[in-house]
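Asker: I would like to see how this sequence folds:
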Amino acid sequence: MAQQIPGATIQNVDRMVTLPGGGTVQIRSADDPDSLRGDGLNFVVIDEAAYIKPAAWTEALRPALSDRKGGAMLISTPRGRNHFWELYQRGLDEQETEWASFQFPTVSNPFIDPLEIEEAKRTLPELIYMQEYLAEFIDDQGGVFRRVQSAVMDGIDEPEQGRQYVAGVDVAASIDYTVVSVFDVEAKRQVHMDRFNRVDYPVLESRLAALYERWNLTNMVVEANSIGRPVIDHLIERGLTIQAFTTTNATKQAIIQNLQSAFEHEDIKIIDDPILIGELLSFEGSRTPSGAYRYSAPDGMHDDCVMSLAIGWGGIDKQAVITANPFYN
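Answerer: Numbers count the residues shown, from 1 in each chain. From the prediction side, this is the model:
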């Protein structure tokens, strides 16, 4: 666009445009907040502000505006009630006269087909739709899993040399989904997820075997319920190292609470997948008369991604989980 301005100079290396009047526009990455430090700024636009480190604003950009009493526009999809939400609250406070907040759902964008929005509403988890399309701040502190958003990071497409990987598999027959969660053992992070349904058993088994070979897994923990047992037997016949997990109320409580603790203590990292995050945020727990807990997805929703994640997380520290859960075998 700047090429259309007579007299403008474009410096591609510095991602900078120098305007005829002497002003400049520059684009920088907020991955490293220190890289944003520099001379005073007249105006700064922060895109996806909820997804940058808070220090980028508090320690680098906000101080740079003081010299010139500069302004800022922080734009973002919400990401829970994090630092961006806190800044948004300032604009709602009448006492904060230099702040203003605005909220626009996707439907207010005239360039997006309303049918696309309806399709997203029909197919996405409710909490994800509320955040991504209604621009609502979803509080993830009241569910089974806390600090979900802070555990999110990018996955990887291919295994890295010298790393050890294991996987957890929640096997489904038809309506539900078969989900595979691959973990980097040393880093304690989910690096990949595969989710599919409505495939024949041979295709399902071949897909699991292909994932096993692709990631050079040292272990694959597979749910043994329903069709899981014959799938396990067939994978073992192929020479794969398979560990069976039988899901009962007791064993499900054990692995869910183990995963719950991992999020609470920030031990786990997960991939940035909207289906997975939606299932985690909407996952429900209730206490039975006996004092035990019962966990499940809300009516009409799935928990296959959660179960795959929980089974796989248990596979990282097998001994700790086996001690509390003899149904790993």
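
Asker: packing partners for the helix or strand hosting Ala310?
Answerer: Element membership of Ala310, judged by DSSP states H and E, is helix 304-316. Applying 3 or more Cβ pairs under 8 Å, 6 or more residues apart in numbering; DSSP states H and E, we find helix 304-316 packed against strand 165-170, strand 178-184, strand 189-196, strand 219-223, strand 242-245, helix 249-264, helix 274-282. For the C-beta atoms, the positions are set from N, CA and C on the backbone; glycine is no exception.

Asker: now the angle from it to helix 249-264?
Answerer: 80 degrees (axes from the mean of the first three to the mean of the last three Cα atoms, to 10 degrees).

Asker: picking that back up, can you tell which of the helices and strands packed on helix 304-316 is closest to Ala60?
Answerer: Evaluated over the helices and strands packed on helix 304-316, closeness to Ala60 peaks at strand 189-196, with 27.2 Å, by Cβ to Cβ.

Asker: which residues are contacting the helix or strand following that closest one?
Answerer: With elements assigned by DSSP H and E, the helix or strand that comes after strand 189-196 is helix 201-214. For helix 201-214, contacts defined as Cβ atoms under 8 Å, 6 or more residues apart in numbering pick out 158-159, 167, 169, 171, 178, 180, 182, 194, 196, 199, 217, 220, 222, 227, 230-231, 234-235, 238, 240.

Asker: Sketch out the low-pLDDT regions of this protein for me.
Answerer: 125, 139-142, 174, 291, 317-329 (pLDDT under 70).

Asker: Quick check, central residue of it?
Answerer: Centroid-nearest residue in the chain, with Cα atoms, centre = their mean: Asp272, separated by 3.0 Å.

Asker: Please indicate which of the contacts of helix 201-214 are buried?
Answerer: Among those, those classed as buried by neighbour count (16 or more other Cβ atoms under 10 Å) are 159, 167, 169, 171, 178, 180, 182, 194, 217, 220, 222, 227, 231, 234-235, 240.

Asker: among those residues, which two are most distant?
Answerer: Among those, Pro159 and Ile227 lie farthest apart (Cβ to Cβ), at 27.5 Å.

Asker: quick one: buried residues of the helix holding Ala310?
Answerer: Buried residues in helix 304-316, counted by 16+ other Cβ under 10 Å: 304-316.

Asker: I'd like these laid out as CSV, including distance to Ile52.
Answerer: Compiled in CSV, the buried residues of helix 304-316 are given as follows (distance: Cβ to Cβ, whole Å):
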residue, distance to Ile52
Asp304, 32
Cys305, 26
Val306, 28
Met307, 32
Ser308, 30
Leu309, 26
Ala310, 30
Ile311, 33
Gly312, 29
Trp313, 28
Gly314, 33
Gly315, 33
Ile316, 29
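
Asker: how far away is Pro274 from Asp184?
Answerer: As judged by Cβ to Cβ, to the nearest Å, Pro274 and Asp184 stand 21 Å apart.

Asker: Please identify which of the two sits among more neighbours.
Answerer: Neighbours per residue (other Cβ atoms under 10 Å) separate Pro274 from Asp184, with Asp184 holding more: 21 against 15.

Asker: picking up where we left off before, distance between the helix holding Ala310 and the chain's centre?
Answerer: 15 Å (Cα atoms, centre = their mean, to the nearest Å).

Asker: Check stretch 210-230 too.
Answerer: Distance, centroid of stretch 210-230 to centroid of chain: 23 Å (Cα atoms, centre = their mean).

Asker: Just the endpoints, please. Distance across that stretch?
Answerer: End-to-end span of stretch 210-230 (Cα to Cα, to the nearest Å): 18 Å.

Asker: Repeat that for stretch 259-279.
Answerer: Distance across stretch 259-279, first residue to last, is 14 Å (Cα to Cα).

Asker: What of stretch 90-97?
Answerer: Its start and end residues considered, stretch 90-97 measures 9 Å (Cα to Cα).

Asker: likewise stretch 42-52?
Answerer: Stretch 42-52 has its terminal residues 21 Å apart, counting by Cα to Cα.

Asker: Please apply the same query to stretch 244-251.
Answerer: Stretch 244-251 has an end-to-end distance of 12 Å (Cα to Cα).

Asker: Would you mark the buried spots in that stretch?
Answerer: Using 16+ other Cβ under 10 Å as the test for burial, stretch 244-251 gives Ala244, Phe245, Thr246, Thr247, Thr251.

Asker: Just send those back as TSV, with distance to Met16 too.
Answerer: Below are the buried residues of stretch 244-251 laid out as TSV (distance: Cβ to Cβ, whole Å):
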residue	distance to Met16
Ala244	59
Phe245	55
Thr246	60
Thr247	57
Thr251	58
